[in-house]
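Enquirer: Sharing a sequence plus its predicted fold:
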Amino acid sequence: DVKVTQSSRYLVKRTGEKVFLECVQDMDHENMFWYRQDPGLGLRLIYFSYDVKMKEKGDIPEGYSVSREKKERFSLILESASTNQTSMYLCASSSSEETQYFGPGTRLLVL
Amino acid sequence: DAKTTQPNSMESNEEEPVHLPCNHSTISGTDYIHWYRQLPSQGPEYVIHGLTSNVNNRMASLAIAEDRKSSTLILHRATLRDAAVYYCILHNNDMRFGAGTRLTVKP
């Protein structure tokens, strides 16, 4: 079975802190994605990556950056956390067959 | 980008069939129709996908209209564990999730 893991289920940070959200997949997938999920808005795509050291902006990249140094790991970085970045963050991976496999999510609270 | 339209919520009784509709009138010829669902406190999980023909798997069936402008996810016998948010997505190069349909299953 495909496994996508995220470094934390719950995270509390203060405004202005730098935040790292880590995602690891164990199925050698080329593609990895970061979404955030807010009530009434569904999942919104932040960034995605089709290969190591490659990244593409999604619909809402502002305030975020990403890093893909190794194929299995895709990191989401909040350079200076703000309260409007309080959300559920979901990581996903997929192969060329397109089906996405999601991690359990990280619920981030920025105070 | 091609978009989908789904009802915000639906209700079903346990052990009855459920038909979840999705409209995608701007679908292009190369867009696959994917369905995912998200159980409470979990990430979304894949349910089924298709291009033109109807599809069946152990979880559900997918009925695709002949003009491909709409599709229906069919759960043949709803159980309490099927209560979730169901997302209909058009997939070409990437995926865009909408708000989905929240399915409530009543015992």
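Expert: Noted; the coordinates are in hand. Every value quoted in this text rests on a predicted model; they were computed, and no experiment measured them.
Enquirer: Phi and psi next, for the spatially most central residue of chain A.
Expert: Among the residues of chain A, the one closest to the centroid is residue A:34, at 3.1 Å (Cα atoms, centre = their mean). Backbone torsions for residue A:34, taken as degrees, to the nearest 10, come to phi -120, psi 130.
Enquirer: Could you report the neighbour count for the residue in chain B that chain A sits nearest to?
Expert: Nearest residue of chain B to chain A, counting by Cβ to the nearest Cβ: residue B:43, 3.2 Å away. In short, each C-beta sits where N, CA and C put it, glycine included. By other Cβ atoms under 10 Å in any protein chain shown, 22 other residues sit near residue B:43.
Enquirer: cool, and residue A:13?
Expert: 16.
Enquirer: who does it bridge with?
Expert: Beta-bridge pairing for residue A:13 (DSSP bridges): residue A:110.
Enquirer: contacting residues for it?
Expert: A:19, A:78, A:81, A:108, A:109, A:110, A:111 (Cβ atoms under 8 Å, 6 or more residues apart in numbering or on different chains).
Enquirer: now the strands for the chain?
Expert: Just going to use chain A. A:4-6, A:10-13, A:19-25, A:31-38, A:42-49, A:56-57, A:64-70, A:73-78, A:87-94, A:100-102, A:106-110 (DSSP state E).
Enquirer: Chain B, not that one
Expert: Using DSSP E, strands in chain B cover B:9-13, B:18-23, B:32-38, B:45-50, B:55-56, B:61-64, B:70-75, B:84-91, B:101-106.
Enquirer: want to throw those strands into a markdown table with mean neighbour count and mean pLDDT?
Expert: Listed next are these as a markdown table, based on neighbours: other Cβ atoms under 10 Å in any protein chain shown; pLDDT from 0 to 100:
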| stretch | mean neighbour count | mean pLDDT |
| --- | --- | --- |
| strand B:9-13 | 14 | 96 |
| strand B:18-23 | 19 | 97 |
| strand B:32-38 | 23 | 94 |
| strand B:45-50 | 18 | 94 |
| strand B:55-56 | 15 | 94 |
| strand B:61-64 | 19 | 97 |
| strand B:70-75 | 20 | 97 |
| strand B:84-91 | 23 | 92 |
| strand B:101-106 | 17 | 96 |
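Enquirer: and residue B:70, bridged to which residues?
Expert: residue B:23.
Enquirer: Pass me the low-pLDDT residue ranges in chain A, would you?
Expert: For chain A, the stretches with pLDDT under 70 are A:1-2, A:96-97.
Enquirer: Any residues of it in contact with chain B? List them.
Expert: Applying Cβ under 8 Å from any Cβ of the partner chain, we find that chain A lies next to chain B at A:4, A:33, A:35, A:40-45, A:48, A:58-59, A:90, A:92, A:98-105.
Enquirer: buried subset of these?
Expert: Among the residues of chain A next to chain B, the ones that count as buried by 16 or more other Cβ atoms under 10 Å in any protein chain shown are A:4, A:33, A:35, A:42-45, A:48, A:58, A:90, A:92, A:98-103, A:105.
Enquirer: got the residues of chain B near chain A?
Expert: B:32, B:34, B:36, B:42-46, B:49, B:87, B:91, B:94-100.
Enquirer: still on that earlier bit, quick one: the strands of chain A as TSV, columns for distance to residue B:53 too.
Expert: Converted to TSV, these look like this (distance: least, Cβ to Cβ, whole Å):
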stretch	distance to residue B:53
strand A:4-6	30
strand A:10-13	43
strand A:19-25	30
strand A:31-38	25
strand A:42-49	27
strand A:56-57	31
strand A:64-70	36
strand A:73-78	34
strand A:87-94	22
strand A:100-102	22
strand A:106-110	38
